[in-house]
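*Asks:* Pasted the sequence and its predicted model underneath.
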Amino acid sequence: MDRIRRLGVKGDEALLVTSALVFHGSLLAVLHRLTTSPGDTGIFPGSPHYTEPVSTYAIRIFGDPVLRQRAAEIENVDGRLAHLVQDMIETMYEAPGVGLAAPQIGVERRLFVYDVGDDEGPKAIVNPVISESRGEWEFEEGCLSVPGLHWTIVRPKEVHLTGFDIDGNEISIEADEYLARVFQHELDHLDGVLLLDRLDKDTRKEAMRTLRGRVFSGAEVRGGAQPGALERDTPAL
Ligand code: NI
């Protein structure tokens, strides 16, 4: 009886959770990267050279409860955070994505990384807050935690974001359009909000049907390459 129960069909959330918890094989492919000049990354200005191995994490997928929690403020900015940030950046690049919030790798802390492809390289923001927003901007958005799907979503066009870098320095950024969109999307992750919650009722229903259909057909639900999104050149955040 127990055996049968154990083999019984699980709900779709349970299946999603199970698959989301499986680490990428690449976790074991730890990169021993010698960062010759960490300052170049814009992430570790002035910090000592380091030789910590960099790991990538499995990206948690829709259905995983960690994506629905409000992440906690970070109280101490220490070396461990620097290492976590480096791993998050590596995970983001591998996905590939242009933004990644800590809850997306199962860490319930208010932190996200991003790289919008400008000269500044990857950045991390700790305890971000959007203090002002203005205007409206329509943009097609994808999410690494809802792989392969994307929707046109209207959000404020400009935002004023404050927070801290990983050295504990205050950050204040006026962001417009694309960068503003990345900030809003990642901040949503820290509040347990997903792209799906930004859709109108009918679109959301359809999205849920698609996601359930994928699980029951055994299709790929883990994070990683998103052919559909890439073909359409939609950034995943
Ligand atoms: Ni996302």
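*Replies:* Looks like it arrived, so ask away. Keep in mind that this is a model prediction, so the values were computed, not measured.
*Asks:* Run through the helices of the chain in chain order.
*Replies:* Under the criterion DSSP state H, the chain contains helices at 2-7, 12-21, 79-94, 177-190, 201-216, 227-231.
*Asks:* okay, and for the chain, where does confidence drop off?
*Replies:* Along the chain, segments meeting pLDDT under 70 span 1-52, 215-233.
*Asks:* At which residues are the strands of it located?
*Replies:* Assigned by DSSP state E, the chain shows strands spanning 99-101, 111-114, 123-134, 137-143, 146-155, 158-164, 170-176.
*Asks:* Tell me which of those strands sits most buried.
*Replies:* strand 99-101 (a mean of 29; mean count of other CB atoms under 10 Å). (Glycine included, C-beta is placed from N, CA and C.)
*Asks:* Just the residues contacting that strand, thanks.
*Replies:* 59, 71, 88-89, 91-92, 111-115, 144, 182, 185-186, 189-190, 235, 237 (CB atoms under 8 Å, 6 or more residues apart in numbering).
*Asks:* can we see that at 7 Å?
*Replies:* Under the contact criterion CB atoms under 7 Å, 6 or more residues apart in numbering, strand 99-101 has outside partners 88, 91-92, 112-114, 144, 182, 185-186, 189-190, 237.
*Asks:* and which of the residues you listed is nearest residue 125?
*Replies:* Closest approach between the contacts of strand 99-101 and residue 125, by CB to CB: residue 112, at 5.9 Å.
*Asks:* partner residues bridging the closest one?
*Replies:* In this entry, residue 112 is beta-bridged to residue 101, residue 125, by DSSP bridges.
*Asks:* Surely it touches residue 125?
*Replies:* Yes - if you go by CB atoms under 7 Å, residue 112 and residue 125 touch, sitting 5.9 Å apart.
*Asks:* Quick one: residues contacting the residue of the chain found nearest the ion.
*Replies:* Nearest residue of the chain to the ion: residue 143, at 3.2 Å (CB to the ion). When contacts are counted by CB under 7 Å, 6+ apart, residue 143 touches 194-195, 236-237.
*Asks:* out of these, which touch the ion?
*Replies:* Among these, the ones lying near the ion by CB under 5 Å from the ion are residue 237.
*Asks:* Find the pair from the contacts of residue 143 with maximum spatial separation.
*Replies:* Farthest pair in the contacts of residue 143, by CB to CB: 194 and 236, 12.8 Å.
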